[in-house]
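1. Sequence and predicted structure below; questions after.
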There are 2 protein chains.
Amino acid sequence: MYGRTTLRILSSRATFHYRSVERFYCAARPGPHYCRGPAMTCPKSVLGCRETYFWHSHGFHDFRYQAYEDRTSVIEEPLDPFSLVSDELSAIAKRLRLMVVAEVPKLALATECFFRMGAQGKSFRAAVLLLMSKALPMPLPQMTADGVFICLKELDARHKCIAETAEMIYVAGRLHDNVLDDAETNCVMGSLNSVMGNKLSVLAGDFLLSRAFVALANLKNTEVISLLAIVVEHLVSGETMQMTTSLEQRRSMEYYLQKTFYKTASLFANSCKAIAFLAGQTAEVELLAYNYGRNLGMAYQLIDDVLDFTGSSSSLGKGSLSDINKNIVTAPILFAMEEYPQLREVVDRGFGNRSDVELALDYLHKSRGLDRTRELAAEYADEAVKAIEALPQSDDEDVIKSRRALVNLTGRVITGTK
Amino acid sequence: MYGRTTLRILSSRATFHYRSVERFYCAARPGPHYCRGPAMTCPKSVLGCRETYFWHSHGFHDFRYQAYEDRTSVIEEPLDPFSLVSDELSAIAKRLRLMVVAEVPKLALATECFFRMGAQGKSFRAAVLLLMSKALPMPLPQMTADGVFICLKELDARHKCIAETAEMIYVAGRLHDNVLDDAETNCVMGSLNSVMGNKLSVLAGDFLLSRAFVALANLKNTEVISLLAIVVEHLVSGETMQMTTSLEQRRSMEYYLQKTFYKTASLFANSCKAIAFLAGQTAEVELLAYNYGRNLGMAYQLIDDVLDFTGSSSSLGKGSLSDINKNIVTAPILFAMEEYPQLREVVDRGFGNRSDVELALDYLHKSRGLDRTRELAAEYADEAVKAIEALPQSDDEDVIKSRRALVNLTGRVITGTK
C-alpha cells in the first residue's frame, strides 16, 4: 500500500534520465492551447531545475503527501478517497446500467463491462472528477445561457453528468481499442469483446459516445462540449499514433509522451477542467484543475506501462507483457534503450519472435528502465499534488478532505494500488 | 432519368398493402418528441385516407413535381439540383480532405472514401442541407449565446458546417458498419475497408465523429448539438435493430420502418431541422424542414432496398443482393410475404443456403413486393414535396429555385438517379 518513507535529497543522480523528456518539452509549443497538449506543466527538474532525488519506494512522493497532510492539519486517520464519493459512484453506475439496458437491450452486455470495470478500477475517472468537484473553492452563482441561475444542487448534478460522461467516453474508447486489437488480451474488456463480438463492441462504443454527447448537450454549455469532444479526438489521435509509427517515432520519448497524453491524460485533464469551468471558477483554478488531471493521467499511464512488465502485487511480479507482445514500445523500454543502445536493433525488428521479446526483457531488467519510469511517474504525481496545493485556501472541512483525497489518489497511482 | 408520365387515379387497388404500415403508425407514440421518431408525418393513405393510386413508372410523383413547377412559374428548363450548390460541395469536400490529411496523416486513406463516395453519391446529404438552407424564408437577425448578432454570411458558414458535419457523421457510420459486416461487400466503402483494415476504419470513423462534435461545439448552439448527437444515437440503434432481431421482428413492417428511420432518415430529418433552427425559423418551419428530411430519407432507403434486388440502370437489372445475403429482411420481401405467406418459413430459416435465397427471389419476383416498395417510397417522397410546398411563400428567385431543386431531389430519389 502506501508506505511512509523519507525523502532523501542526495546528489545529482537523477538528472541524466530526463534528457529525452527535456527534448520533448522544448519541442512542445507554448501558447494559449494549453488544454490541447501535454506541454503546459511538467516535472520541475524537466524544466531545468537542479533539484534531484534519490528514488526509493516512492519516498519522494510520500514525503510530499505527508507534508500536505501536516500543513492542512487534517486528522491523520487513513483516508480512502473512494469512500468520500462512494454513494455518487454507485448512483452513476446504476444510472448507466439502467440507461443501456432500458434503451438498447441488445447492448445490455456492454453494461456488464461497466460493472466489471467498475469493480476492478473503482470507476477511477468518475471518482477523480467527483472529488475535484468537491475540492474546488465555493463557486460563484452561475447562470446558464438562458439566464437561469444554477443552484448548488443543480451544479452538483451537472458535475455528476461530467463524471458519468467521462466514464462513458473512457469505456467507449476501450471497447473500440479492443476491437482494434482483435480482443487478444485476457483483460476484462478483452474477454467481454470475445463474448459479445466485434460487432456489438463497436456499436456499444458508438452508443456510449452518442449518449455522452446527448448528455453533454443537455448541459447547455458549449465550452464543456468542446472539451470532451477534444478528448475523443485525442483518444483517436493517441491510438493512431500507437498503431502507425515510424522507426524513429518508436524510439522517441517525445512521441511516447505525446501519445500518452492523448490516450490517457487528456481525458483526466480536460474533464477536470470542465468540472472547474462548470463551477464558474477563475481561469487560474481551471488551469490548476487541468494540470492536476493531466499530471495524474500521465503518472497513471506510466505506472500502467510498468505494471505491464511487472504485474500488480497480486500477480507475483509478472506482467501480462501485452504491450511488447503487440509491438508497442513504452517508457521502460525507451529508458532501457538509453542505457543499452544495442536494444535499439531489437526494438527496430518489431518483437516479431519470442527470442527478441526475451532479449528485450533481459536488457530491461538489467537496466534502470522500470525505476526511471516510476521516477518519472512520481514527478508527474508531484506536479499533480502541487496543483492541488496551489488551489485557493479553504477552511471548509469537506473541501480540505477532498483535496487530501485527490493527493492520496496520486499516491495510489504511483504505487499501483488505485 | 426523370420521365414525364401522368398520374392515373383508378380504383382502391393500393390500399391493402398498408395494413402493416398502419399498425406501425398506430403504435408510434405521439407527443413532443417528434424529432426522435418516424411517426410525425407519413403518407396520407397510411393515415387512413382512401385516396389510392395506380403505380406506373413513378407517374404519381412526377405529376406532383410538374404541378409544383407550374405553380411556381419557374422556367421549365431541366434543373440539376447539385449544380446549384456545386461550389459549396467542392469547398466542403476540399476542407474535409485537408482536415484529415493535415491532422492525422495516417488516416489519410479515409479521405479517399470521402471522395470516392462524393463522386458516386454527389455528397447527397450535404447537397440536401445546402439547398434547404437556401430554400428557407429570409431569417430574422440571429443572436448567439454571447449576445453577438449573426450576419447572413456567418449564417451561411454555420449552415455549411452542418452540411459538413452531416457528411462526416454519415461516413463515420458507414466506416463502422463496414467493420461490423467484415467488409464483405464490394462497394466503395467495403473495398476501402479491405484496403485499410478494420483498425483504421474504426479509428477513422471515431476521428470523424469527434471532429464533427468539435465543429458542432464551435457553433455554440446546444440545440443543434443535441439534434446531431441524437442522429448518432439513432445510427447505432438502427444498426443494432438490424443485427439482432427476433423472428417476429424480422417479419414486421413496423420494425423495419422504425429501423429505416433510425439508420437513414433520422440524419436527413434532424440535420434539416438543425438548418432551420440555426436560421432562427419558426417552430412550424423547423417542423417542415424536419418532415422534408425525414420523408426524403425514408424514400431514399426504400429505393435503396429495391435497388439491392434490381440494381441501378447501369447494372442491367441485377442487384448486389447484399441484404438478403446478409440475412437482412427489407420491404420488398416483407410485401412479398403478405402475398405469399409460405415465404415466411424461408425468411425464418435465415437465408443460410443458396436455395433459400433463390426461393425467396422467386417469390419476390412473382409478387408485387418491389412495386409496392416503390409505391411506398413515392408516398414518402410526396410527403416531402408537401413539406416544401407548405413553406411560407417567397418571391425570392433563389429561394424558389432551391425549393424546386429539393422537389427535384425527391424525384431523383424515387427513380434511383440520385
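-> Right, received. Where do you want to start?

2. From here on, just use CA atoms for contacts and neighbour counts.
-> Fine.

3. Where do the strands of chain A begin and end?
-> In chain order, chain A shows strands spanning A:142-143, A:149-150, with DSSP state E as the criterion.

4. what does the average pLDDT come to for the first one?
-> Put plainly, it is strand A:142-143. Mean pLDDT, taken over the full extent of strand A:142-143, equals 61.

5. How about the last one?
-> With pLDDT averaged residue by residue, strand A:149-150 scores 62.

6. And stretch A:376-396, by the same measure?
-> Rounded mean pLDDT across stretch A:376-396 is 97.

7. For A:N221, what are phi and psi?
-> phi -140, psi 100 (degrees, to the nearest 10).

8. Nearest residue to it in space, please, no chain neighbours.
-> With Cα to Cα, 6 or more residues apart in numbering or on different chains as the measure, B:T222 is the residue that lies nearest to A:N221, at 7.1 Å, once sequence neighbours are left out.

9. So the one you found versus B:M138, what's the distance?
-> When distance is defined by Cα to Cα, to the nearest Å, B:T222 is 23 Å away from B:M138.

10. The two - which one has more neighbours?
-> Between B:T222 and B:M138, counting by other Cα atoms under 10 Å in any protein chain shown, B:T222 is the more crowded of the two (22 against 15).

11. and that one, what is it in contact with?
-> The contact partners of B:T222, by Cα atoms under 8 Å, 6 or more residues apart in numbering or on different chains, come to A:A217, A:N218, A:K220, A:N221, A:T222.

12. tally of neighbours for the fourth one?
-> Which is A:N221. 20.

13. and the closest residue to A:M298 other than its chain neighbours, how many neighbours does it have?
-> Excluding its sequence neighbours, the residue lying closest to A:M298 (Cα to Cα, 6+ apart) is A:A265, at 5.3 Å. A:A265 is surrounded by 31 other residues when neighbours are defined as other Cα under 10 Å.

14. wait, A:A265 sits on A:Y292?
-> No: using Cα atoms under 8 Å as the test, A:A265 is too far from A:Y292 to be in contact (9.9 Å).

15. who's in contact with A:M337?
-> Shown in contact with A:M337 (Cα under 8 Å, 6+ apart): A:L343, A:R344.

16. low-scoring stretches of chain A, by residue?
-> In the prediction, chain A carries residues with pLDDT under 70 at positions A:1-78, A:100-122, A:139-150, A:180-197, A:313-318, A:418.

17. Name the residues of stretch A:270-290 that come out as buried.
-> Counting neighbours by 16 or more other Cα atoms under 10 Å in any protein chain shown, one finds that the buried residues in stretch A:270-290 are A:270-281, A:285-290.

18. from these, which ones fall inside helices?
-> By the criterion of DSSP state H, membership of those in helices covers A:270-278, A:285-290.

19. For A:K199, state which of these is nearest.
-> Using Cα to Cα, A:S271 comes nearest to A:K199 of those, at 28.8 Å.

20. mind listing what A:V231 touches?
-> Taking Cα under 8 Å, 6+ apart as the definition of contact, the neighbours of A:V231 are A:Y262, A:S266, A:L267, A:N270.

21. ok, A:R403 to A:T410 distance?
-> Plainly put, A:R403 is 11 Å away from A:T410 if you go by Cα to Cα.

22. where does the stretch 101-250 of chain A come near chain B, residue by residue?
-> By Cα under 8 Å from any Cα of the partner chain, the residues of the stretch 101-250 of chain A that approach chain B are A:104, A:106, A:145, A:176, A:179-181, A:198-200, A:202-203, A:206-207, A:210-211, A:213-214, A:217-218, A:220-223, A:225-226, A:229-230, A:232-233, A:236-237, A:239-240, A:244.

23. from the residues you listed, which would you call buried?
-> Burial by neighbour count, judged by 16+ other Cα under 10 Å, picks out A:106, A:145, A:176, A:179-180, A:198-200, A:202-203, A:206-207, A:210-211, A:213-214, A:217-218, A:220-223, A:225-226, A:229-230, A:232-233, A:236-237, A:239-240 from these.

24. any idea how far the residue lying closest to A:L216 once chain neighbours are set aside lies from A:E286?
-> Leaving aside its sequence neighbours, A:L216 sits nearest to A:I225 (Cα to Cα, 6+ apart; 5.9 Å). Applying Cα to Cα, one obtains 15 Å for the distance of A:I225 from A:E286.

25. can you check A:L84 too?
-> Counting by Cα to Cα, the separation of A:L84 from A:E286 is 22 Å.

26. and the two most separated of the ones in helices among the buried residues of stretch A:270-290?
-> Maximum pairwise distance in those, criterion Cα to Cα, is 14.4 Å, between A:L278 and A:L288.

27. mind listing what A:R374 touches?
-> The neighbours of A:R374, taking Cα under 8 Å, 6+ apart as the test, are A:L302, A:I303, A:V306, A:I414.

28. unless I'm mixing things up, the third one is touching A:G369, no?
-> Meaning A:V306. No: under the criterion of Cα under 8 Å, A:V306 lies out of contact with A:G369, with a separation of 9.1 Å.
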